[in-house]
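J.: Show me the folded form of this:
(2 chains)
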Number of protein chains: 2
Amino acid sequence: MTGRVYGVGLGPGDPDLMSLKAHRLLTSARHVAFFRKEGRAGRARVLAGDLVPEGAVEFPMEYPVTTEIPLGDPKYNEALAPFYETCCAHLRALAQTGEDVVVLCEGDPFFYGSFMHIYARLDGDVPVDVVPAITGMSAAWTATGQPITWGDDVMTVLMGTLGEDELLRHMTAADALVIMKVGRNLPKVRRALARSGKAEAAWVVECAAMAEQTVLPLADVPEGYMPPYFSIVLVHGQGRRP
Amino acid sequence: MTGRVYGVGLGPGDPDLMSLKAHRLLTSARHVAFFRKEGRAGRARVLAGDLVPEGAVEFPMEYPVTTEIPLGDPKYNEALAPFYETCCAHLRALAQTGEDVVVLCEGDPFFYGSFMHIYARLDGDVPVDVVPAITGMSAAWTATGQPITWGDDVMTVLMGTLGEDELLRHMTAADALVIMKVGRNLPKVRRALARSGKAEAAWVVECAAMAEQTVLPLADVPEGYMPPYFSIVLVHGQGRRP
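T.: Model prediction:
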């Protein structure tokens, strides 16, 4: 009997926004794996909190690098590929001895998540199930108290790590915008938004659906301020409404 | 004591993918409101199924028109505006007599949902809470067994109701695509995808996260076929991966 690896989306942060399925898998898990930076608790593990059963075996998967190397640098992939291989060897071995493993994922596993690097390597070797979840961006637009899209609005999701001109091109073309991985990219994101004429309509949401949640118009965020990496910038669509 | 109106996202279809919060609000509701087309059960109501408590008062809100009038026709808004006003008058009156009302929403209420037309009219008069949910698109990309975005992929969400040239422009610019409201727009969506060079990579997902779910490469969908209105077409991003 082969076990299964579950990539379980835990949602944006509030445990009450976890799906029934995620909650059940988590609270009955015997093996729990999660990514974290060395020396940190790990966001997904913190999110799971005391829902992880006592006695569950925990497997922290510690990134060898995170933001110290630019994502575009070949060294980034050179460091991460063997890391993912090592993680997968362990998960594969557990499943092959008949154990189910729950991999904790922030947000939705198939939407800019790290789990996909596990998934792509394991798929076919052992059974892998993915449980979708509420995304951080859904929690962010809910936190602003305004719908993100109306009618036929075009919505584009951008990473703050993109270049300013590329950001500008997409910002100009879309009606509604979600910009993720903001952090130290905020000054660049702000310049691109200003050039697209959308800076006045933008919002910054930090820690959506968490106790520390903050929601501010971008205009009220001081120029030099660096929000956490996982902050989200939003521009709401203004499409057709009866 | 004023009651509250809850816009509760029920997620994509599988009740197991409902959030703990949505499940609790739904199963303890005394008043439940939902949109439907005249003579139909209503998708949100069907999704809620027998989780609606016996004895809860149900308030079906029947659209005067749905797809008979093109969305861009002024008659569409002329028909819907007074309809939303009438619905809101009822919900406002209920809340003002101290009753909480759960408005059932498919997917995420603030993401192309009908609830926002209620929200915009009620907000400020009575307390309104919005519960985000797993979107239909998350369920759709999970169903394809492939991550929708990797690394810095740009993802754009488009409505199949847009014109072919506008679709083409956005399809060409983005890495990952989600096209919603497909239905009878599929031939046009297919032409735009072909012109953008992305038709071969596209998938069609019907009824994601429901018993009737189907997942097919667009290339395997016959030319004249019309999927249900709420089908989703996806093109996965192919971004950086270690």
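
J.: Averaged pLDDT, the helix ranked longest in chain A. What do you get?
T.: Counting residues, the longest helix in chain A under DSSP state H turns out to be helix A:74-96. Across helix A:74-96, pLDDT averages out at 92.

J.: what packs against that helix?
T.: strand A:31-37, strand A:57-63, strand A:101-105, helix A:115-122 (3 or more C-beta pairs under 8 Å, 6 or more residues apart in numbering or on different chains; DSSP states H and E). Where C-beta positions appear, they are placed from N, C-alpha and C, glycine not excepted.

J.: 10 Å instead?
T.: strand A:5-9, strand A:31-37, strand A:57-63, strand A:101-105, helix A:115-122 (3 or more C-beta pairs under 10 Å, 6 or more residues apart in numbering or on different chains; DSSP states H and E).

J.: Any idea how far the second one is from the middle of the chain?
T.: Per C-alpha atoms, centre = their mean, to the nearest Å, the displacement of strand A:31-37 from the mean C-alpha position of its chain is 14 Å.

J.: Downstream of it, the next helix or strand is which one?
T.: Remark: after strand A:31-37, the chain's next helix or strand is helix A:43-48, criterion DSSP states H and E.

J.: any low-confidence regions in chain A?
T.: A:67 (pLDDT under 70).

J.: so what are the domain limits for it?
T.: Per automatic domain parsing, the structural domains of chain A span A:5-134, A:137-235.

J.: can you tell me if the shortest one touches chain B.
T.: Read it as domain A:137-235. Yes: judged by C-beta under 10 Å from any C-beta of the partner chain, domain A:137-235 comes into contact with chain B at A:137-163, A:166-167, A:169-170, A:173-174, A:176, A:178, A:180-181, A:208-209.

J.: Can you give the distance from that domain to the centre of its chain?
T.: 15 Å.

J.: for the longest one, same thing?
T.: If you compare the mean C-alpha spot of domain A:5-134 with that of the full chain, they lie 12 Å apart, counting by C-alpha atoms, centre = their mean.

J.: between the domains of chain A, which gets nearest to B:Ala133?
T.: Taking C-beta to C-beta, domain A:5-134 is the member of the domains of chain A nearest to B:Ala133, at 6.2 Å.

J.: Can you give me the end-to-end span of the closest one?
T.: Domain A:5-134 has an end-to-end distance of 20 Å (criterion: C-alpha to C-alpha, to the nearest Å).

J.: and if you look at stretch A:110-126?
T.: The straight-line separation of the ends of stretch A:110-126 (C-alpha to C-alpha) is 18 Å.

J.: Also stretch A:154-163?
T.: Stretch A:154-163 has an end-to-end distance of 21 Å (criterion: C-alpha to C-alpha).

J.: which of the residues of domain A:137-235 next to chain B are buried?
T.: A:137-144, A:146-162, A:167, A:169-170, A:173-174, A:176, A:178, A:180-181, A:208-209 (16 or more other C-beta atoms under 10 Å in any protein chain shown).

J.: and the longest helix of chain A, which residues are buried?
T.: Buried, per 16+ other C-beta under 10 Å, within helix A:74-96: A:Tyr76, A:Ala79, A:Leu80, A:Phe83, A:Tyr84, A:Cys87, A:Cys88, A:Leu91, A:Arg92, A:Leu94, A:Ala95.

J.: what's the last one in contact with, if anything?
T.: I take that to be A:Ala95. When contacts are counted by C-beta atoms under 10 Å, 6 or more residues apart in numbering or on different chains, A:Ala95 touches A:Thr2, A:Gly3, A:Arg4, A:Val5, A:His31, A:Val101, A:Leu122, A:Asp125, A:Val126, A:Pro127, A:Val128.

J.: which ones are touching the fourth one?
T.: When you say that, I think you mean A:Val5. A:Val5 neighbours (C-beta under 10 Å, 6+ apart): A:31, A:33, A:88, A:91-92, A:94-95, A:99-103, A:115, A:118-119, A:122-123, A:125-130.

J.: Got a ChimeraX select line for the buried ones in those?
T.: Selection of buried members from those for ChimeraX, criterion 16+ other C-beta under 10 Å:
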select /A:31,33,88,91,92,94,95,99,100,101,102,103,115,118,119,122,126,128,130
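
J.: Can you flag which of the buried ones among the residues of domain A:137-235 next to chain B belong to helices?
T.: A:Met137, A:Ser138, A:Ala139, A:Ala140, A:Trp141, A:Thr142, A:Ala143, A:Leu167, A:Arg169, A:His170, A:Ala173.

J.: out of those, which one sits closest to A:Val204?
T.: Set against A:Val204, the nearest of those by C-beta to C-beta is A:Ala140 (9.3 Å).

J.: So the closest one is in contact with A:Val205, correct?
T.: Yes: contact criterion C-beta atoms under 10 Å: A:Ala140 and A:Val205 qualify, at 4.0 Å.
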